[in-house]
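*Asks:* Below: sequence and its predicted model.
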Protein chains: 2
Amino acid sequence: MSNCIVAQSGGPTSVINATVAGVVKGNQMNPIYEHVYGGLNGIEGILAERFVDLTNMTEEENRTLQQTPSSALGSCRYKLKRDNVEDFEKLLAIMEKHDIETLFYIGGNDSMDTVAALSEYAAKHDITDRRFIGCPKTVDNDLMHTDHCPGFGSAAKFIATTALQTWLDVNVYPSSRQEVLILETMGRDAGWLAASSCLSGKVDVLVLPEEPFDKDVFLKRVKECIDDKSKCYVVVSEGARYADGTYISAGESKNDLFGHAVLGGAGEALKAIILDSGVAGRCKVQDLSTAQRCHATEQSLPDRTEAYRLGLSAHMHSADKSFTGKMIGVKRREGQKYDVEYITIDADKVANYVKHFPTEWILPEYRGISEEAFAYLRPLIEGTPYITYKDGLPAYVQPYYMR
Amino acid sequence: MSNCIVAQSGGPTSVINATVAGVVKGNQMNPIYEHVYGGLNGIEGILAERFVDLTNMTEEENRTLQQTPSSALGSCRYKLKRDNVEDFEKLLAIMEKHDIETLFYIGGNDSMDTVAALSEYAAKHDITDRRFIGCPKTVDNDLMHTDHCPGFGSAAKFIATTALQTWLDVNVYPSSRQEVLILETMGRDAGWLAASSCLSGKVDVLVLPEEPFDKDVFLKRVKECIDDKSKCYVVVSEGARYADGTYISAGESKNDLFGHAVLGGAGEALKAIILDSGVAGRCKVQDLSTAQRCHATEQSLPDRTEAYRLGLSAHMHSADKSFTGKMIGVKRREGQKYDVEYITIDADKVANYVKHFPTEWILPEYRGISEEAFAYLRPLIEGTPYITYKDGLPAYVQPYYMR
């Protein structure tokens, strides 16, 4: 019996560990591998042979792992470059040395590119006994060919809950007090997270990256709300931009190691626009920042369940010795009641593409999202799993990279 | 039988409505008043005779009200000035007109001043049939003569939970990546909220308003953490200041209507200090802003219970016809197991004072808080009440000021 390894990459989510838990439990239920290793800090740690053995994880630890946010195995932003043959050779040598047949890589866009690149490299060099399988995770929900991404539902639920609660907060003062609250969410290229705030039913103005930002139309809409009820609730995605592609937060943007723009400040930019125009007397910004991707005490039940089952599914699929270069995805079943099945997708069809929020789901003049969008989003936040606590705080597993 | 009125003032909390629910339920269990009115938007709305009748609130609505954050009756920042005799006369005339014997005013410092001023005015003018009772609420926990304030425990719990979760998030990348996360909390004058983050056990550096900010000591401590483990978790109160009293966020401060400094940006200020000094390569700020005072899906169980019982207690005390100008407070009972009793305090002993976080509970060099502080804080976040949901989001009552 050979071994497998599971690792995590990119920005964490609040259910990313549920997928690890699924792979581990899958192998306990139906042993395909002798050992299930956890690779620490993604590809970067695997290249340094930093492993832990997860094979015999207890049921209790497995459950606690599922409610622990952020990557318990650690993460990395290290990208295998296709021309960096040295890294490929080293990784394959390490897998051979430890008799690791399968690498399960949990991540987003870039991780699926890693999965695709590794399986291509293996195929090209007639290496048939090393396999690479991708498991999606991203709060951004921007991966192609999967109905949605594990991690999105929980972040969406936290955002919608926070929108509801802060909407209640911003409305408490009398109508003599004009007030705009701007909630800024993550979402560099895709507006899924910002759009999910509309589930609260309280969003007056929604600014997404998918629609060019028009200052005049925006201010007209804010003014309309202020004139009507003296309060206005705005939600903006960090990636909102003008027609020429300039981010509205442009003054503060810079690039990360992958050449992605590191954003922040779209809310502050809108605040300046509102206060400069004089359409409202007060304006506050709530930037949800990191909290939105690691708030795990209110995980979405389907999100957590699906992240776990996706791990089970990836493990099960790997029983097929020809299964490599694939990502496991979810497909929404037809019918009234929400349910999904797990599907497989070529990783190279996912890597480096972005699934945008459909422009036909965006209402004109920043008025929010269509009924179709609501129908898509609603089931993804329904239900909360039972969370265990210790001393008033959620119980979590000590990160493996700290042990 | 005469009537009573309950109203809310100042910044809302996530359990402020539980106190309203307590007053209403108290009168249903033991009717002292014919009607329990809710005054909309505090004193400001009462002066405009904007009332709702809460007398016959259903049990279901009462329960939902208790889990609804922010002031369901609306709030105000209107302060009765002691020389504004016109307002006093008008208020007393309105109470007489509607046969309102008792006003329960739920609020912080300024509201206790209102309670004290009104009862003094009544005494001075031999008005014995109008009474004024204060119920504390403030996330800041800075009211004197009460062990702690309703609203604080839930905000503390959210902050500690968020500190734990974002600490997990900031640590996922390998040690080659230096990273500082700065969590900014509310707390203009008192560091209670910032200090509560230490319950997570993860705070490396804690900056409170009670201790003059020393840039060099601060940077030395951050550098120590970065050298040791390449990550550093900082928590700062919005009100942190230099020895000369200048807020560290001074560049961005301005005053509100009461002359209080409106703060924000202490986190950004620390970030600039860290990046300028070069002690760490990366630094991110998470400003919890409004969310920390209205996040109600994880209310602290003792906080919510006590807010409710405090309402019951205020109602019960008001059976005594001479009871006026008082605030209900909580006193921690002696003994191993946490428990409280409800006490009464002269409102003028609370108004316009601030209870600071004890400096003897602050560890040197921003290293956090003492065991005594932990012993004080821990029981205040223990347990979470059962929260009901609707369509994936917490159920709440429609604010009365919107009906």
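*Replies:* Received it, and whenever you're ready, just let me know what you need.

*Asks:* Give me the pLDDT for the nearest residue to A:Thr324 once chain neighbours are set aside.
*Replies:* Closest residue in space to A:Thr324, ignoring its immediate chain neighbours: A:Arg131 at 3.9 Å, by Cβ to Cβ, 6 or more residues apart in numbering or on different chains. Yep, even glycine has a C-beta here, placed from its N, CA and C like the rest. You'll see A:Arg131 listed with a pLDDT of 98.

*Asks:* Number of residues surrounding A:Arg131?
*Replies:* Neighbourhood size, A:Arg131 [other Cβ atoms under 10 Å in any protein chain shown]: 25.

*Asks:* Pop out the phi and psi values for it.
*Replies:* Taking degrees, to the nearest 10, you get phi -130, psi 150 for the backbone angles of A:Arg131.

*Asks:* A:Ala18 touches A:Pro302, doesn't it?
*Replies:* No - here A:Ala18 lies out of contact with A:Pro302, judged by Cβ atoms under 8 Å, at a distance of 11.5 Å.

*Asks:* Tell me which of the two has more neighbours.
*Replies:* A:Ala18 (32 against 24).

*Asks:* And the more buried one, how far from A:Thr359?
*Replies:* 32 Å (Cβ to Cβ, to the nearest Å).

*Asks:* again, but for A:Tyr396
*Replies:* From A:Tyr396 to A:Thr359 the distance is 39 Å (Cβ to Cβ).

*Asks:* On the pLDDT front, check A:Ser176 for me.
*Replies:* 89.

*Asks:* So, low pLDDT: which residues of the stretch 151-300 of chain A?
*Replies:* For the stretch 151-300 of chain A, applying pLDDT under 70 flags the ranges A:251-264.

*Asks:* So which bits of it are right by chain B?
*Replies:* A:157, A:160-162, A:164-166, A:168-174, A:177, A:181, A:199-200, A:284-291, A:293-298, A:300 (Cβ under 8 Å from any Cβ of the partner chain).

*Asks:* for A:Leu168, helix, strand, or coil?
*Replies:* helix (DSSP: H, G, I helix; E, B strand; the rest coil).

*Asks:* Nearest residue to it in space, please, no chain neighbours.
*Replies:* Closest to A:Leu168 by Cβ to Cβ, 6+ apart is B:Ser70, at 3.8 Å.

*Asks:* go on, A:Gly267?
*Replies:* A:Gly267 sits nearest to A:Glu184 (Cβ to Cβ, 6+ apart), 3.5 Å away.

*Asks:* And whichever strand or helix holds the one you found, what does it pack against?
*Replies:* Using DSSP states H and E, A:Glu184 sits in strand A:179-185. Packed against strand A:179-185, as judged by 3 or more Cβ pairs under 8 Å, 6 or more residues apart in numbering or on different chains; DSSP states H and E, are the following elements: helix A:152-170, strand A:231-237, helix A:266-277, strand A:283-287.

*Asks:* Beyond the helix or strand hosting A:Glu306, next helix or strand please.
*Replies:* Using DSSP H and E, A:Glu306 falls within helix A:301-317. Downstream of helix A:301-317, the first helix or strand assigned by DSSP H and E is strand A:326-332.

*Asks:* Now the very next helix or strand once past that following strand: buried residues?
*Replies:* Next in sequence after strand A:326-332, counting helices and strands by DSSP H and E, comes strand A:340-346. By 16 or more other Cβ atoms under 10 Å in any protein chain shown, the buried positions in strand A:340-346 come out as A:340, A:342, A:344-346.

*Asks:* Including pLDDT and distance to chain B, could these go into TSV?
*Replies:* Below are the buried residues of strand A:340-346 laid out as TSV (pLDDT from 0 to 100; distance: Cβ to the nearest Cβ, whole Å):
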residue	pLDDT	distance to chain B
A:Val340	98	16
A:Tyr342	98	22
A:Thr344	98	27
A:Ile345	98	26
A:Asp346	98	28
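
*Asks:* Among the residues you listed, which one lies nearest to A:Asn84?
*Replies:* A:Asp346 (22.2 Å; Cβ to Cβ).

*Asks:* Of A:Tyr396 and A:Thr359, which one has the most company?
*Replies:* A:Tyr396 (20 against 10).

*Asks:* okay but the more buried one is in contact with B:Trp167, surely?
*Replies:* No - the criterion here is Cβ under 8 Å, and A:Tyr396 misses it with B:Trp167 at 10.1 Å.

*Asks:* which parts of the stretch 301-403 of chain A sit against chain B?
*Replies:* A:378, A:381-384, A:389, A:391-394, A:396, A:399, A:401-402.

*Asks:* could you redo the last one with a cut-off of 6 Å?
*Replies:* A:381-382, A:392-393 (Cβ under 6 Å from any Cβ of the partner chain).

*Asks:* farthest pair in these?
*Replies:* A:Glu382 and A:Gly392 (26.9 Å).

*Asks:* Who has more neighbours out of the two?
*Replies:* Just comparing A:Glu382 and A:Gly392: by other Cβ under 10 Å the higher neighbour count belongs to A:Gly392, 23 against 17.

*Asks:* ok, for the more buried one, nearest residue in space, not its chain neighbours?
*Replies:* Per Cβ to Cβ, 6+ apart, closest to A:Gly392 is B:Ile381, 3.8 Å.

*Asks:* Show the contacting residues for that neighbour.
*Replies:* Applying Cβ atoms under 6 Å, 6 or more residues apart in numbering or on different chains, we find B:Ile381 in contact with A:392, B:153, B:156-157, B:300.

*Asks:* I'd like to know how far it sits from B:Glu298.
*Replies:* Per Cβ to Cβ, B:Ile381 is found 9 Å from B:Glu298.

*Asks:* Could you measure from the residue in chain A sticking out farthest from the centre over to B:Gly107?
*Replies:* Most distant residue from the mean C-alpha position of chain A: A:Ser176, 40.2 Å away (Cα atoms, centre = their mean). Distance, A:Ser176 to B:Gly107, by Cβ to Cβ: 19 Å.
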